[in-house]
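> Pasted the sequence and its predicted model underneath.
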Amino acid sequence: MRTLFLAALAAALALSAGAQPGLPEADPAAPLGLGLAVVRVTDAPPPLRFYAHPALAELPSGVPVGSATVADSVTFVPGRGRASLGSGPPWLLPEVIDAERGHLAFRVRTLTPEWVEAVANRADGRTVWLRRDRVEVAAWPDVLLRSLVTLPDPEANPLRERPHDEASVLATTPPDWLLRPLAVRGAWLQVSTLGLADRIPPAGWVRWTGGDRLLVGGIGHE
């Protein structure tokens with residue numbers, strides 16, 4: 001049952017990416033968090049263990065990794081070059097599953113020196129604790145610079161000449177237009193404008209975050 005669920009989950013998330021290449025995108029409506037915890041799937045990876053803590057409202061700092069309670073796990077089927085998903089809990093719904101590139105990604109809620117509290121179900125927001133040495137933590141600026149992004153609300157967040165709300169508008173992009181990030185400065189993202197329109201500078205700025213929400217979509221398209 002767990003194996004069939006993960007197979008269906010991977011297929012569903014692959015379809016959610018539509019015709020665009022790359023990963024199922026991060027949900028702009030979810031609380032921003034700190035970035036993504038990425039699990040690299042090699043040819044024979046160990047299980048990905050989800051840990052519980054007696055009081056999840058308290059950070060598990062100081063709890064020895066070896067003494068933490070395993071609440072559930074995701075297993076992998078070894079394969080030449082890269083393993084495939086094996087079994088997992090029926091409530092698992094990561095931010096990203098990319099079978100072709102070989103990784104899972106979870107939105108990070110809390111970081112400690114030894115632990116990551118990650119959102120294990122992007123629909124209902126439930127979280128689990130992961131060992132920090134088992135994942136690669138990528139802050140949002142690094143995630144953005146490795147992705148192609150879209151502007152879901154280009155009227156409210158148009159492409160501007162400078163990183164300022166009063167700067168001149170260079171263009172209003174179609175909502176599904178993929179933009180390549182060039183740099184991150186605070187809440188602003190510089191993107192390439194090549195191929196977007198004639199007679200505009202080769203780069204412009206958009207807001208990538210506002211408060212506790214993403215203002216760009218498509219994160220995960222590489």
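Alright, I've got the coordinates.
> Could you use CA atoms for every contact and neighbour count after this?
Fine.
> Quickly run through the sheet partners of the longest strand belonging to the chain, with directions.
Ordering each strand of the chain by length in residues (DSSP state E) puts strand 103-111 first. The strands beside strand 103-111 in its sheet (DSSP bridges) come out as strand 35-40 (antiparallel), strand 96-98 (antiparallel), strand 115-119 (antiparallel).
> ok, and what's touching it?
33-41, 94-98, 116-120 (Cα atoms under 8 Å, 6 or more residues apart in numbering).
> number of nearby residues for the closest residue to residue 96 other than its chain neighbours?
Leaving aside its chain neighbours, residue 96 sits nearest to residue 105 (4.9 Å; criterion: Cα to Cα, 6 or more residues apart in numbering). Residue 105 has 26 neighbours, counted by other Cα atoms under 10 Å.
> Regarding residue 140, what are the backbone dihedral angles?
phi -50, psi -40 (degrees, to the nearest 10).
> ok, it touching residue 146?
No: the pair residue 140 / residue 146 is not scored as a contact, 9.9 Å apart, by Cα atoms under 8 Å.
> Who has more neighbours out of the two?
residue 140 (21 against 16).
> List the residues that contact the more buried one.
34, 35, 36.
> Show the pLDDT at it.
pLDDT, residue 140: 93.
> So residue 79 belongs to a strand, correct?
No: checked against DSSP: H, G, I helix; E, B strand; the rest coil, residue 79 lies outside a strand; its state is coil.
> any idea how far whatever residue is furthest in space from the centre of the chain is from residue 154?
Of all residues in the chain, residue 199 has its C-alpha farthest from the mean position, at 34.0 Å, by Cα atoms, centre = their mean. For residue 199, the distance to residue 154 equals 19 Å [Cα to Cα, to the nearest Å].
> So this protein: which segments form each domain?
2-139, 147-221 (automatic domain parsing).
> Worst mean pLDDT among these?
domain 2-139 (a mean of 73).
> picking up where we left off before, and the buried ones among the contacts of strand 103-111, selectable in ChimeraX?
Applying 16 or more other Cα atoms under 10 Å to the contacts of strand 103-111 leaves a buried subset, and the ChimeraX line that selects it is:
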select :33,34,35,36,37,38,39,40,41,94,95,96,97,98,116,117,118,119,120
